[in-house]
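> Make a model of this:
(chains A and B)
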2 protein chains.
Amino acid sequence: MAALLIILLLGALSVVYGAVTIRSVMAADAGNARMQEIAGAIREGAQAYLRRQYMTIGIVGIVLFLLLWWLLGLPVAIGFAIGAILSGAAGFIGMNVSVRANVRTAQAASQSLAAGLDIAFKSGAVTGMLVAGLALLGVAGYYTVLTGPMGVSPGSRVIVDALVALGFGASLISIFARLGGGIFTKGADVGGDLVGKVEAGIPEDDPRNPATIADNVGDNVGDCAGMAADLFETYAVTVVATMVLAAIFFAGTPVLASMMLYPLAICAACIVTSIVGSYFVKLGANQSIMGALYKGLVATSLLSVIGLALATHLLVGWGDIAGAGGLVLNGGKLFICGLVGLAVTGLIVWITEFYTGVGFRPVRSIAQASVTGHGTNVIQGLAVSLEATALPTIVIVAGIIVTFKLAGLFGIAIAVTTMLGVAGMIVALDAFGPVTDNAGGIAEMSGLPADVRRSTDALDAVGNTTKAVTKGYAIGSAGLGALVLFAAYNEDLKFFTANADRFPYFRGVSVDFSLANPYVVVGLLLGGLIPFLFGGIAMTAVGRAAGSVVEEVRRQFREKPGIMEGRDRPDYARAVDMLTKAAIREMIVPSLLPVLAPIVLYFVINAAAGRSQAFAAVGAMLLGVIVTGLFVAISMTSGGGAWDNAKKSFEDGFTDESGVTHHKGSEAHKASVTGDTVGDPYKDTAGPAVNPAIKITNIVALLLLAVLSHMA
Amino acid sequence: MAALLIILLLGALSVVYGAVTIRSVMAADAGNARMQEIAGAIREGAQAYLRRQYMTIGIVGIVLFLLLWWLLGLPVAIGFAIGAILSGAAGFIGMNVSVRANVRTAQAASQSLAAGLDIAFKSGAVTGMLVAGLALLGVAGYYTVLTGPMGVSPGSRVIVDALVALGFGASLISIFARLGGGIFTKGADVGGDLVGKVEAGIPEDDPRNPATIADNVGDNVGDCAGMAADLFETYAVTVVATMVLAAIFFAGTPVLASMMLYPLAICAACIVTSIVGSYFVKLGANQSIMGALYKGLVATSLLSVIGLALATHLLVGWGDIAGAGGLVLNGGKLFICGLVGLAVTGLIVWITEFYTGVGFRPVRSIAQASVTGHGTNVIQGLAVSLEATALPTIVIVAGIIVTFKLAGLFGIAIAVTTMLGVAGMIVALDAFGPVTDNAGGIAEMSGLPADVRRSTDALDAVGNTTKAVTKGYAIGSAGLGALVLFAAYNEDLKFFTANADRFPYFRGVSVDFSLANPYVVVGLLLGGLIPFLFGGIAMTAVGRAAGSVVEEVRRQFREKPGIMEGRDRPDYARAVDMLTKAAIREMIVPSLLPVLAPIVLYFVINAAAGRSQAFAAVGAMLLGVIVTGLFVAISMTSGGGAWDNAKKSFEDGFTDESGVTHHKGSEAHKASVTGDTVGDPYKDTAGPAVNPAIKITNIVALLLLAVLSHMA
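As a prediction, the model looks like this:
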C-alpha cells in the first residue's frame, strides 16, 4: 500500500501544480476595459456552451449510470461516474483558465514575446497536468478504495469491470466534447468567415462580425476542453487496460499486486517529470517559440527515462519474474518497452512537424500548388494528407514488433502506458494553442498596436503546429492502445469461456478470430466503415452548423444596419447560443454510431450465426475500426494542419518555383484560403473525433462482455 | 470435355460479336474532312501512347516471364504471358475501336440522338465483350491445353500455379494501364484546363489549346483501355481463384472436374446473355439515354438467371454433392449464391447512381454548398465521398453472410464469379463514356451546329454516371474477390504445411491468423497503408504531370503567338508525347508498391520472427489492403462522380434552397469547377487504380507461396 500511497500523492501533485499555476496566471494584468469586455464575452459564451453540453451529457450520463447499476452493480456504476466527472472536470477547469489567460496573454505580449509565451504556456500546462493527474487519481484512487476499504481482491472481475466502466465514463465525455466542440468551433469559423470575409468584406476577428466571439469560444471548446477529454480518456483507458492485462498475465502469482501497480507508477513518475519539464519552457536568445517548447518536451522525456527506471526498480526489479502460464519477463525488458514508448512519441512529434510545419516540403508543395488555383491546392493537400499516414504507421508497427518480441502483449501495453505518461506535457503544448489564438483575436478586436498582434501571431503559428502534433500523438497512442484493448477483449472472452460454469451465457462458445473466418472479415469491414461514415457525418454537420451561423449573421446585419457602421453592438450571445444548440443537436447521431455499432453487430450476427461468430465479428470490429481509423485520423489532422500553414506561408509572402512572390490577397493566397477552409473540419472536427470513436467502440465491446457474463 | 468445348465456343462467340460489331461501327459515316482530321490526331495520339506504354510493360513483362520460368517452370511462365497478352489485347482492340467510333458518333448525333447512342454503345460493347470473352478464353483455353494435350490432372499444383500466373499477367497490365492511363488523362485534363480556361481564357475543347487532343486521348486510355485491363484482371483472377478453391474443396471426389468447370460455365452463359442484352439497348419514346442502357442491363440480368440455372443444371445438378472433409453442398444453394452475386451487382449500380446522379440528394447538396464558395463545395464533396462508402459495404457484408451460410467459402466464390460474369455488359456501359466524351470534343472543335453538341452533351452526362457505376462495381467485386483470394492463400498454405515432406521450406511452419497475433495486426496495418500511400503518390503524380502540360502549352503559346489568333496550328503531338513520357515515368514507383510490399514484408518479418509469423503477416496484409482499399476506392470514385455532376447541375442553371438560380459562369459555378478539378484525379486516377493495387498484392502473395514451395 505504500507504493499506492506514493502514486496517489504524486497524482495529487498535479492538482497542487494546477492550483499554484492558476493563481500565478490570474495574478497577471488583465488589460484595459475594452479587452476585458471582449474577454468577458468569450468567457460567458464558453461557459454557456459548456453548461448546455454538460447538461446534455449529464442526462445521458444519468441514464447510463442507472443502466450500469442495474446490469453490473453499484461499484461499476460508480466507476463510470468517476470517469465521467473527472474527465469533465479536467476540461471544465482547463477551459476556465484558458478563457482567463487569453486576455492576460494579449496584455503580456504587449510587453514582450517571452511574457506572452509564459502566460499562454502556463495556462496550457494547467489543463495538461490536470488531465494526467486527475486520470491517474481517478484510476489509482478507485483501485485503492476497492482493494482497501471494500476488500475486493486485485484482479477480480469487480475491479476489471469497475475500471473499464471508469474508462467508459471518460469516453462518453470525450466523444461528446470532441464532436460537439469540433462542430461548434468549425461551424463558427467557417460560417463566420463565409459571411464576414466573403459577403461583408470585413477581416477576420473584426468586432462587427456577430460570429467573431463564437469563433473565439470555439477555439477553447474544441482544442482545450475537447482535447483534454480525449486524452483523459486515452490515458485512463490505456492504464486500465494495462492493469487488466497485468491481472490476467500475473493471476495467482506473488507479483500480481505490484505488476498491477506498475503502470500506475510509470504514470505517477511521468507526472513529476512533466511538471519539472514545464519549467524548462523559456524563450531563448534566438526568440524561437518552438525551440522553447521543445526544451520542455526534451527535458520531460529525458527525466522520464529516469522516472521509468525508478518505477521499474521499485515495483518490478531487474531479475526474472514469472507470470501465469509459463510467461517469463524481466524488468530490463519492460524498461526498454517503456523507452520504445517514449521513442514512438518523439518520432510521431517529429514526423507530424515535418508534414505540417512551414518550411518543409509538404507545406511548400501545397503553397506551390496554390499558384495554379483552388483545385490544384486541394489536390496537393489531399495528396499530402494521404501520404502523411505512411511514416507514423511504420513507426507504430516497428514499436509493436520490438515491444512484442521483448515482452509480449504486456510489453506493448507498457510502451503505450509510458507514451501516455507524458500526456501532461503534450496536452500543455496543445492547450497553449487556443489561448494564443484568442489573445490574437482580443488584440485585434480591442485595437492593440500592430506589434502586439505580431507577437500573438507568432505564438499562434506555433500553436497550429503543436495542435497538429498533439493530434498525431493522440491517434498514434490510440492506435497502439487499441491493440491492448483488443487483447483485453480477447483475454476476457477466454476467461468467460474457460469458466463457463460460472458464466452460463458462454457455455459452448468457441471463438475463432482467424482471418479465414468470414465473420471476422465482416467485422473488419464494418469496423473499418465506422471512421469513414463518422467522418462523413461530422463534415456534413459542420457544413450545416456553418449554414446556421451564416443565416444568424445575415439576420443581424439586416435587422441592425448600424452594426456594419460600428454604431450598433452585434448580439454575440445570440450567435453563441444558436451555435451551441446546433452543435449539441448535431453531435447526437454520430456519437451514437460507435456506441451502438458493436451492440447491433453482436445481435445481428448472433441471430444469423450464433454467439461464437457474433463474438468473433465484434472482436474483428475493434481492429477494423483502428485499421481504417488510424489512417483517416492521421490523414485528416496532418492534411488540415498542412493546409493551414500553407495559407500562413502567404502572409509573409510566398516565393514560388519560378521566383515570383505571392502576397496576402493574391490569387494564390485566395486558393490557399480554400484549402484552409477544407482543412478546418478535417483537422478540428472529423479527424480528432475519430479517436474517441475508435476507443468507445472498443470499450463498449468490453462492457458488452461484462453484461453478457451476467446473463443466463 | 464436351462442357469445356461448349464453354470455349461461347467464349469465342464474343470475338465473333466483336468482329461483326466493329464492322458495323466502321461502316458508319466518318464525317467531314475537318472532323476526320481531328479524330485522326486523337487516334495517332492514342496509338503513340499505347505503343510506348506497351513497350515499357513489355520490357517488365519479359523480365518477369524469364523470372517465372526460372522459378516456377515454363507452363507457369506461359500462363503469365497469356494473361498479359490477352488483357493487353482487349484494351488495345477496344481503344482502337473507340478512337474510330468517336467521330462516327459525332456524325451520327448530327442525324439523331438514337443514332449517336447506337454507335457509341456498340463501340463500348466491343470492348466489354472482348474483356469477358478473351478472359474466359484465356483461362478455359489454357486449362484445356494443360489438362488435355499436356496431361496434367485437374487440381494439381501446376494447374493452380499456371492459372494464378495468368491472373498475375493480367494484373501487371492492369496496374500499369490504370495508373499510366489515369495519370495521362487527368494530367491532360487538369493541366489543359489550368492553362487554357484559367490563363488563356479559352473554353474547353478549343482547338487552339495544344493540350486539347491529349485530353481526348486521355479519355480513351483511362476509361477504355484502363478499365478494360482492370476488369479483365478481376474477371480472370476471380475465375482462377474460384477454380483453385474448387480444386481444393473437391479434391479426390468424382465431381472435381465438373466443379472446376462450373465457374467457367457460369461465365460462358453470362457472355451469351450480355450479347443478347446488348441488343435491348434502344432509345425509347421518352428519349431517356439512361433508360435505354438500363433496358440492356436488366435484360442481361434476367437472362443471366436462366443461364445460371442452366449452368448449374448441367454441371452440378440439384442434388447433394459431397466435397472433401465432409463438405456437403447442393446445386440449389449454389444457384442462390449466384443470384446473390447478381443482386449485389444491381444494388451497387443503384447505390452508385444515387450518390453520383444529378437530381439526388448527394449531388444536390454539393451544388448547394457551391453557393457559399469553393471551400464549402469541397467540404460537402468530401463528406459525400466518405458517406458513400456505407451502403455498398453493407451490401457486400450482407452478400458475404448470406452466401457463406448457404455454401461456405465456395458459395462466396460463386457469387463473385456470377457478379463478374456480366462484366461484358458493365464494361460496355463504361467504355461508352469516352466515345461520347470524344464525340463532344470533335463536334466542338470542328464547329458542328449547337444542336449536335447538345446531343453529345446529353450522351456525355450519362457517360459520367455509367463510368462511376462501373467503378463502384469493379471495386465491389474486387472486395468480395479479395475474400476468395485470401481463402486461396490460406488453403495453399494449409496444403504446403500439410505436405511439408514434399515442400521442405514449410517444415515446422504453423501459421496463426488470429487477430490476437500481433503480427497479424502488423500485416493489417501495413496492408491498410498501401491504398492511402498509393493514392497519395498517384494524386501527386497527376499534379506533376499537369504541371508539365502547363509548361509545354505555355511554351507553344510563347513560341508560336499565331496559335491564339488561329493562324498557327498547335503541335498536338508534342503535348501528347511529353505527357506520355510523364505518365509512364510517374506510373513506375506506385506500381511497384503493391508488387514489392508483400515480398518485403515477408522477408522483414521472417528475419524478425521466423517463417510462421511472416506468413501470418503477409496473409493479414492481403485483408488489410482490402479493408482500407474498399473504402478509399469507393469514396474516391463516388465523390469524384458527384463533384463532376454537381458542376454539370449548373450548366442548365441550378436553383438553390433560397430560390436563386445560378448559371454557368456564376461564382457558384466557379466553386463547383474547383470541386470537379479535385474530383478528377480522385475518380479517374487514384480511386480506380486502388483496385488493381489490391489484387496485385493478393496475387503476388500467392506467387510468393508458389516460389517458396520450390525452395529447400
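> Identify the residues contacting A:Gly218.
A:181, A:184-189, A:579 (C-beta atoms under 8 Å, 6 or more residues apart in numbering or on different chains). Using the backbone N, CA and C atoms, a C-beta is placed for each residue, glycine as well.
> Oops, could you answer that again for A:Lys647 instead?
So A:Lys647 contacts A:669, A:672-673, A:675-676 (C-beta under 8 Å, 6+ apart).
> In what element of secondary structure is it found?
helix A:611-649 (DSSP states H and E).
> Strands along the stretch 451-600 of chain A, start to end?
Counting by DSSP state E, counting those that start in this stretch, no segments of the stretch 451-600 of chain A form strands.
> so what's the backbone phi/psi at A:Ala322?
Torsion angles at A:Ala322 (phi, psi; degrees, to the nearest 10) stand at phi -100, psi 130.
> Looks like it contacts A:Asn330 (just checking).
No: applying C-beta atoms under 8 Å, one finds A:Ala322 not in contact with A:Asn330, separated by 10.2 Å.
> Counting neighbours, go ahead and name the busier of those two.
A:Asn330 (16 against 13; other C-beta atoms under 10 Å in any protein chain shown).
> Identify the residue spatially nearest to the more buried one, adjacent ones excluded.
Spatial nearest neighbour of A:Asn330, chain neighbours left out: A:Asp320 (4.9 Å); criterion: C-beta to C-beta, 6 or more residues apart in numbering or on different chains.
> hmm, back to that, tell me the one among the contacts of A:Lys647 nearest to A:Glu204.
Nearest to A:Glu204 among the contacts of A:Lys647: A:Val673, at 10.4 Å, using C-beta to C-beta.
> got a list of what that closest one touches?
A:647, B:375.
> hang on, isn't A:Lys333 packed against A:Lys405?
No: counting by C-beta under 8 Å, A:Lys333 does not reach A:Lys405; the two are 9.4 Å apart.
> ok, now which ones touch the residue of the stretch 501-650 of chain A found nearest chain B?
Going by C-beta to the nearest C-beta, chain B is nearest to A:Gly536 of the stretch 501-650 of chain A, at 3.2 Å. A:Gly536 makes contact with B:382-390 under the criterion C-beta under 8 Å, 6+ apart.
> tell me which of these is nearest to B:Phe65?
The closest of the contacts of A:Gly536 to B:Phe65 turns out to be B:Thr389 (C-beta to C-beta; 38.1 Å).
> pretty sure the closest one contacts B:Phe631?
Yes: under the criterion of C-beta under 8 Å, B:Thr389 makes contact with B:Phe631 at 4.7 Å.
> shared neighbours, the two?
By C-beta under 8 Å, 6+ apart, the residues touching both B:Thr389 and B:Phe631 are A:529, A:532.
> Which one's more surrounded, these two?
When neighbours are counted by other C-beta under 10 Å, B:Thr389 and B:Phe631 differ, and B:Phe631 comes out ahead with 31 against 27.
> How many residues are close by the residue nearest to A:Glu199 when sequence neighbours are not counted?
Distances taken as C-beta to C-beta, 6+ apart put A:Arg554 closest to A:Glu199, at 7.7 Å, once the chain neighbours are dropped. As a burial measure, A:Arg554 scores 14 neighbours (other C-beta under 10 Å).
> Kindly report the same for the one 10 residues further on.
For A:Met564, the count of nearby residues is 17 (other C-beta under 10 Å).
> and it, how far is that from A:Arg208?
Distance of A:Met564 to A:Arg208, computed by C-beta to C-beta, to the nearest Å: 6 Å.
> list residues touching both of those two?
Counting by C-beta under 8 Å, 6+ apart, the contacts common to A:Met564 and A:Arg208 are A:200, A:202.
> related to what we said a few turns ago, okay, and the common contacts of A:Lys333 and A:Lys405?
Residues touching both A:Lys333 and A:Lys405 (C-beta under 8 Å, 6+ apart) are A:Gly411.
> So which of these two has more stuff around it?
Shown here are A:Lys333 and A:Lys405; by other C-beta under 10 Å, A:Lys333 has more neighbours (22 against 13).
> for the residue nearest to A:Lys295 when sequence neighbours are not counted, helix, strand, or coil?
Excluding the flanking residues, the one nearest A:Lys295 by C-beta to C-beta, 6+ apart is A:Phe280, at 4.8 Å. Three-state assignment for A:Phe280 (DSSP: H, G, I helix; E, B strand; the rest coil): coil.
> Tell me how far A:Phe280 lies from A:Phe121.
For A:Phe280, the distance to A:Phe121 - C-beta to C-beta - is 11 Å.
> So for these two, which sits in the more crowded spot?
A:Phe121 (29 against 16).
> in terms of contact, does that one touch A:Val281 like I think?
Yes: using C-beta under 8 Å, A:Phe121 makes contact with A:Val281 at a distance of 5.2 Å.
> hey, what's in contact with both of the two?
A:293, A:296.
> For the closest residue to chain B within the stretch 101-250 of chain A, which residues are in contact?
Residue nearest to chain B within the stretch 101-250 of chain A: A:Leu194 (5.2 Å; C-beta to the nearest C-beta). Counting by C-beta under 8 Å, 6+ apart, A:Leu194 makes contact with A:546, A:550, B:372-373, B:375-376.
> Give me the subset of the residues you listed lying in helices.
A:546, A:550, B:375-376 (DSSP state H).
> Of the residues you listed, which is the most crowded?
A:Ala546 (32 neighbours).
> Which residue comes closest to that residue once chain neighbours are left out?
A:Gly191 (3.6 Å).
> circling back: which of the contacts of A:Gly536 tops the neighbour count?
B:Ser385 (32 neighbours).
> element containing that one?
Going by DSSP H and E, B:Ser385 is in helix B:374-387.
> Strands of chain A, start to end?
Along chain A, the segments classed as strands by DSSP state E run A:320-322, A:328-330, A:654-655, A:661-662.
> Pick the most buried one from those.
Comparing the strands of chain A by mean neighbour count (mean count of other C-beta atoms under 10 Å in any protein chain shown), strand A:654-655 comes out on top with a mean of 18.
> what residues does that strand touch?
Residues outside strand A:654-655 that contact it (C-beta under 8 Å, 6+ apart): A:367, A:370, A:661-662, A:668.
> same thing but 10 Å
Applying C-beta atoms under 10 Å, 6 or more residues apart in numbering or on different chains, the external contacts of strand A:654-655 come out as A:358, A:364, A:367-368, A:370-371, A:646-649, A:660-664, A:666, A:668-669, A:672.
> For PyMOL, what selects the buried ones among the residues you listed?
Filtering these down to the buried ones (16 or more other C-beta atoms under 10 Å in any protein chain shown) takes a single PyMOL command:
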select buried, chain A and resi 358+364+367+368+370+371+646+647+648+649+662+666+668+669+672
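> By proximity to chain B, which residue of the stretch 1-150 of chain A wins?
Distances between the stretch 1-150 of chain A and chain B by C-beta to the nearest C-beta are smallest at A:Tyr49, namely 22.5 Å.
> And the residue nearest to A:Leu485 when sequence neighbours are not counted, how far from chain B?
Spatially, and ignoring its direct neighbours in sequence, A:Leu485 is nearest to A:Asn698 (4.1 Å; C-beta to C-beta, 6+ apart). Noted for A:Asn698: a distance of 13 Å to chain B, by C-beta to the nearest C-beta, to the nearest Å.
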